[in-house]
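model this:
(one chain, ligands or ions: 1)
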Amino acid sequence: MKNRDIGVIDPWGSTSIESYEKLFEEFGIQRIDRLVDLIPERPSFIRRGIIFGHRDFERIVEAVVKKQSFAVMSGIKPTGPLHVGTILTLREIVFFQKLGATAFYCIADIEAYEDNGIPFEESERIALDNLIDALALGLDPSRAYIYRQSKENLVKDLAFIFARGVTLATIEAIYGVRHMGLYMSALIQAGDILLPQLKEFGGPKPTVVPVGVDQDPHIRLCRDLAHKFREKFGFIPPSATYHKIIRGLDGSPKMSKRNPMSYFTLTEDIESIEYKLRNAFTGGRATAKEQRRLGGEPEKCPIYELYKFFFIEDDDKLLDIYLKCKNGEILCGEDKEFAVEVVTSFIKEHQRKRSMNVDKAREILGLL
Ligand code: SF4
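Numbering: from 1, shown residues only. Purely as a prediction, here's the structure:
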């Protein structure tokens, strides 16, 4: 489903964003540009505009600068092995942890049931696998509260309380007409986002939620609830950063589980990843001759996006590939072999780190 000219963004669907500009105009997401210089140690996802927008991020910058307590809240819906796109959210959580945040990492098993029909016993097994990835990507469990929605009564209690603050008309305006379970899971997510501000976790504090822009409806609902229940809990409306959505390897606007050729997972066989990369859509021309004459189109190329989003941290190296592509100095076949080398060496190293984090993940989830 397209996003119907941005009328409603569907956080549970396959919304594709055709114009980030419209998000600024229609939903009041703010541009992050003018705050970038205030953020210490800017990783590539900030330098390159992959995080492009925010709500109230000034509050987080201030907390970092003044060394005040703040939280980063995010999580994962356990529906299967983590695909390459989720690296970004996990790197953002780790980044904010390094800036001083306490991380709240939610395993959204209620949402996995409501949206995908995955029973809790199965999502527990998947969550373990996902958590191993998160630890391998640098999540520091000593400065994180990691929990399952279905087991966290404080979150469920908040959802019940929040239900008094939302009418059916409001929730339909945000999400469109969906089954009641999804509306309930949206209230649970609001509970997740505001959990760090309960007195059990030290009380109100700035909280940043790094998300793909398709998750903005949850942020809007939660900020509205934070205002409504401010008197009772003292909530500070949560801040959010928004990242762009990486396109699928098949050239589609978004990686989708419905098409395995559009993505690969962090636990996938190396041969399978190589096959997908070699068969990926590119921004190349119809013939080698034409590409040498006209140059490629890295702006449309999923291989280039993989470099830009995840796999090439060095800006000079990325620029070199961009220019060589634009000038027709490299052809896609040759560049895909380079992509295979870069991506598979990352995945091999990641899979090695995973093997060192299995027991830790089991211990965190109480599965030892
Ligand atoms: S040369 Fe590389 S970056 Fe350029 S279009 Fe081909 S695969 Fe993409």
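
Kindly report the residues of the chain close to the ligand.
Neighbours of the ligand within the chain, by Cβ under 6 Å from any ligand atom: 282-284, 296, 298, 301, 303-304, 325, 330, 332, 335-336. Every C-beta, even on glycine, is put in place using the N, C-alpha and C of the backbone.

out of those, what pair is the most spread apart?
Farthest pair in these (Cβ to Cβ) is Pro298 and Lys336. Separation: 13.2 Å.

Out of those two, name the residue with the larger neighbour count.
Between Pro298 and Lys336, counted using other Cβ atoms under 10 Å, the more crowded position is Pro298 (22 against 18).

Now the more buried one. Nearest residue, chain neighbours left out?
Tyr304 (4.0 Å; Cβ to Cβ, 6 or more residues apart in numbering).

Report pLDDT for that neighbour.
Looking at Tyr304, its pLDDT stands at 98.

Please list the residues outside the helix or strand hosting it that contact it.
Using DSSP states H and E, Tyr304 sits within helix 302-306. With Cβ atoms under 8 Å, 6 or more residues apart in numbering as the contact definition, helix 302-306 has outside contacts at 84, 246-251, 277, 280-283, 298, 321-322, 325, 332, 335-336, 339, 343.

And those residues, which of them are buried?
84, 246-250, 277, 280-283, 298, 321-322, 325, 332, 335-336, 339, 343 (16 or more other Cβ atoms under 10 Å).

now, which of those lie within helices?
Judged by DSSP state H, the buried ones among the contacts of helix 302-306 include Leu277, Ile321, Tyr322, Cys325, Cys332, Asp335, Lys336, Ala339, Val343 as members of helices.

Which one of those is nearest to Ala144?
Val343 (27.5 Å).

Next, work out how far apart the residue lying closest to that closest one once chain neighbours are set aside and the ligand are.
Distances taken as Cβ to Cβ, 6+ apart place Phe311 nearest to Val343, at 5.9 Å, with adjacent residues excluded. Distance from Phe311 to the ligand, counting by Cβ to the nearest ligand atom, to the nearest Å: 12 Å.

One more: Glu341?
For Glu341, the distance to the ligand - Cβ to the nearest ligand atom - is 13 Å.

cool, Val213 as well?
In terms of Cβ to the nearest ligand atom, Val213 sits 24 Å off from the ligand.

Contact partners for that residue?
Ile9, Ile17, Tyr20, Leu23, Ile29, Gly53, Tyr242, His243, Lys244, Ile245.

where do the strands sit along this structure?
Taking DSSP state E as the test, the strands found in the chain are 30-31, 51-55, 71-76, 102-107, 144-148, 207-212, 239-243.

What's the mean pLDDT across stretch 329-344?
Here the average pLDDT along stretch 329-344 is 98.

meant to ask about stretch 180-198
For stretch 180-198, mean pLDDT rounds to 95.

so what's the residue lying closest to Tyr145 once chain neighbours are set aside up against?
Closest residue to Tyr145 apart from its sequence neighbours, by Cβ to Cβ, 6+ apart: Phe104 at 5.1 Å. Listed by Cβ under 8 Å, 6+ apart, the contact set of Phe104 reads Ala71, Val72, Met73, Ser74, Gly75, Ala144, Tyr145, Asp192, Leu195, Pro196, Phe201, Thr207.
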